[in-house]
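Asks: predicted model and sequence follow; I will ask about them next.
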Amino acid sequence: MKENAAHDATSEQDGAVAPAGFDRAAGLADSGKRLLKDIAEAIRRQRTADAELLMQPLAALAPNHPEVLRLRALLAQMRGRLDEAAGLLKRGLEERPDDALAWNNLGGVLADQGKLDEAIAAFGRSAALAPERAAPLFNLGRALDMHGRVEEAHAALVAALERDPAHQSARVTLARVLQFMGRIGEAEAEYRRVVDAHPESALAWYGLSTLRTARFSANDVAAIERIYARQDLKSGERIGAGFALAKALEDQERYTEAFAVLTAANSTKRRRLQWDARGFSQYVDIVASAFSRPLPAAPAELGREVIFVFGMPRSGSTLVEQILAAHPDVAGGNELEDLNLVIEDESKRRGKAFPDWVREMRSEDWQRLGNDYVDRTARFRGDKPIVVDKGLANWRYVGALRAMLPAARLINARRDPLENCLACFRQSFATELGFTYDLAELASFWRDYDRTMRTWHQRFPNQIHDLVHESLVADPETEIRRLLDFCGLPFDEACLRFHEVKRNVRTASAAQVREPLRADTARAGRYGALLDPLRAMLRASG
């Protein structure tokens with residue numbers, strides 16, 4: 001459940017339907033060349049059905065022509081048939097191994113499949129074959145960023161802008177990467193360079209809004225309002241402009257208008273996502289029930305290498321990780337997926353979903369899973385003895401964690417529920433957290449989380465440390481000392497200066513954790529009665 005800022009992961013096709021360095025239609029009859037041109041134009045205009053109709057006679061005429069295969073692959077990708085698209089591109093590359101455009105297209109398909117290592121290799125090959133083009137380097141930078149290789153992403157994006165200084169998307173992505181690197185002033189400057197040159201860029205205005213430390217002026221509000229009023233905006237642009245405008249209106253203390261825009265932006269995004277609130281409530285209750293009685297467990301010392309930090313999105317979890325990562329014995333791992341992967345692998349091995357196999361587990365089974373997790377995450381520890389895993393959704397797996405990693409420390413990041421839910425509602429997340437875009441579903445999710453955590457506290461007393469954000473802000477040293485003591489770590493003054501830590505932070509709080517603690521982050525009071533429905537839903541029985 002990653003909470004980093006929203007970002008479009010699709011690749012840039014780099015003139016995907018245009019000639020690129022050689023006659024792409026070479027070997028085709030004149031009739032085939034005409035069809036190829038018409039198909040390319042239909043793809044450029046996103047007229048997929050027209051392109052598919054035209055493709056039928058061309059594919060019959062030249063089924064193995066590399067350019068025909070490439071365009072067929074683009075159509076398959078547009079229809080979501082990613083395996084087919086990858087296969088077609090690889091067939092074409094067997095005939096034309098130095099086709100930079102096809103390598104770039106293949107990288108995009110592989111990235112859509114989640115095969116980031118292969119995508120990075122494909123984009124790198126394309127960039128080497130087409131040293132004059134910015135798009136392959138831009139795509140390479142985005143894929144490296146998605147992979148968490150932030151410094152390499154930065155280098156690729158800088159190189160892309162050297163090839164094409166006017167590449168708007170590369171500059172926006174560079175700003176985002178600088179934000180993750182903690183170079184907040186540079187990030188703001190890059191976003192501003194984009195909006196100065198392209199004031200209609202919804203993506204750049206949205207990026208500026210995610211800094212949270214940057215305050216919008218009345219002129220900024222007017223500029224974003226002009227974008228938001230346009231009728232030709234794509235859905236993603238409208239969502240980005242909406243969240244940016246809500247932030248800008250907040251900065252001008254126009255809260256009623258901000259809430260209206262925020263509600264509309266959330267509603268638009270919610271329509272793009274799937275979320276079953278009732279099904280999720282049932283699922284977390286089934287998980288908790290699976291651990292209702294004591295179970296066998298791995299050896300007591302297993303898991304001492306990890307601290308888990310979990311909770312609701314926007315609960316202060318990134319701040320907790322930043323404090324821990326300031327300690328000389330601790331590395332910050334960001335939001336790791338490894339626990340999910342370990343549980344998924346065991347489900348596949350047993351042929352049944354979690355938690356249906358929990359009661360079948362023996363001590364040696366939990367030990368095997370615990371060792372698997374420790375091995376998977378060793379690279380994140382580096383030369384430190386302990387790593388922080390900030391997978392927010394891991395609160396659902398506390399029962400499994402107690403069984404497979406008994407020595408792991410579990411930190412539950414909590415925040416005032418009203419403030420927490422409002423903070424979620426004000427954020428457009430990168431991953432599909434479908435529950436955050438509707439206040440009723442958001443309140444339901446919070447109640448599920450709260451109910452489940454109370455259950456875990458009852459079953460595992462004194463084994464989970466609640467760090468309440470408001471208490472941390474009110475008395476940082478006392479709360480940080482308690483946190484370190486629970487984790488078995490000696491107190492270190494560096495943890496009080498967490499904002500000075502040099503590390504990559506890939507969440508919506510990337511800018512905020514670079515600053516000292518602030519006592520003025522509460523916002524619910526500014527919205528007054530507008531939040532009364534949410535207040536009532538949070539009070540409802542879970």
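Replies: Arrived safely, thanks for sending.
Asks: how about the residue nearest to Glu188 when sequence neighbours are not counted, secondary structure?
Replies: Using C-beta to C-beta, 6 or more residues apart in numbering and skipping residues adjacent in sequence, the residue nearest Glu188 is Ala214, 5.3 Å away. C-beta: built from backbone N, CA, C; applies to glycine. With DSSP: H, G, I helix; E, B strand; the rest coil as the basis, Ala214 sits in coil.
Asks: again, but for Asp83
Replies: helix.
Asks: that one: neighbour count?
Replies: Neighbourhood size, Asp83 [other C-beta atoms under 10 Å]: 10.
Asks: from Arg215, how far out is it?
Replies: Distance, Asp83 to Arg215, by C-beta to C-beta, to the nearest Å: 47 Å.
Asks: phi, psi for the residue positioned nearest the centre of the chain please.
Replies: The centre of the chain sits closest to Ala430, judged by C-alpha atoms, centre = their mean, with a distance of 3.8 Å. Main-chain torsions, Ala430, degrees, to the nearest 10: phi -70, psi -40.
Asks: one more: Ile307?
Replies: Dihedral angles (degrees, to the nearest 10) for Ile307: phi -120, psi 120.
Asks: what bridges to it?
Replies: Val388, Arg409 (DSSP bridges).
Asks: and the helix with the most length in the chain, which residues are buried?
Replies: Ranked by residue count, the top helix of the chain under DSSP state H comes out as helix 439-459. Going by neighbour count (16 or more other C-beta atoms under 10 Å), the buried part of helix 439-459 is 439, 441-450, 452-453, 455-456, 459.
Asks: residues contacting stretch 488-505, please?
Replies: 148, 150, 180-182, 318-319, 322-330, 332, 334, 386, 409, 476-477, 480-481, 484-485, 513-516 (C-beta atoms under 8 Å, 6 or more residues apart in numbering).
Asks: so which of these are in helices?
Replies: Per DSSP H, these map to helices at 150, 180, 318-319, 322-325, 476-477, 480-481, 484-485.
Asks: average pLDDT across stretch 102-121?
Replies: Stretch 102-121 shows a mean pLDDT of 95.
Asks: whoops, stretch 487-504 was the one
Replies: Mean per-residue pLDDT for stretch 487-504: 84.
Asks: could you dump it to PDB, C-alpha only?
Replies: Only the C-alpha atoms of stretch 487-504 are listed here, as PDB (Å, rounded to 0.1, in the frame of the first residue of the first chain):
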ATOM      1  CA  CYS A 487      13.200  -1.300  19.600                       C
ATOM      2  CA  GLY A 488      16.100  -2.200  21.900                       C
ATOM      3  CA  LEU A 489      18.200   0.700  20.600                       C
ATOM      4  CA  PRO A 490      20.300   3.000  22.700                       C
ATOM      5  CA  PHE A 491      19.300   6.700  22.600                       C
ATOM      6  CA  ASP A 492      21.100   8.700  20.000                       C
ATOM      7  CA  GLU A 493      20.800  12.500  19.600                       C
ATOM      8  CA  ALA A 494      20.700  12.100  15.800                       C
ATOM      9  CA  CYS A 495      17.200  10.800  16.100                       C
ATOM     10  CA  LEU A 496      16.100  14.200  17.400                       C
ATOM     11  CA  ARG A 497      17.600  15.800  14.200                       C
ATOM     12  CA  PHE A 498      15.900  13.300  11.900                       C
ATOM     13  CA  HIS A 499      15.300  16.100   9.300                       C
ATOM     14  CA  GLU A 500      19.100  16.200   8.600                       C
ATOM     15  CA  VAL A 501      19.300  12.500   7.500                       C
ATOM     16  CA  LYS A 502      20.400  12.200   3.900                       C
ATOM     17  CA  ARG A 503      18.400   9.400   2.300                       C
ATOM     18  CA  ASN A 504      15.800   8.800  -0.400                       C
END
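Asks: tell me where the chain has strands.
Replies: Using DSSP state E, the strands found in the chain span residues 306-311, 330-332, 386-389, 409-414, 464-468.
Asks: in a markdown table: those strands, plus mean neighbour count.
Replies: Listed next are the strands of the chain as a markdown table, based on neighbours: other C-beta atoms under 10 Å:
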| stretch | mean neighbour count |
| --- | --- |
| strand 306-311 | 26 |
| strand 330-332 | 22 |
| strand 386-389 | 24 |
| strand 409-414 | 24 |
| strand 464-468 | 19 |
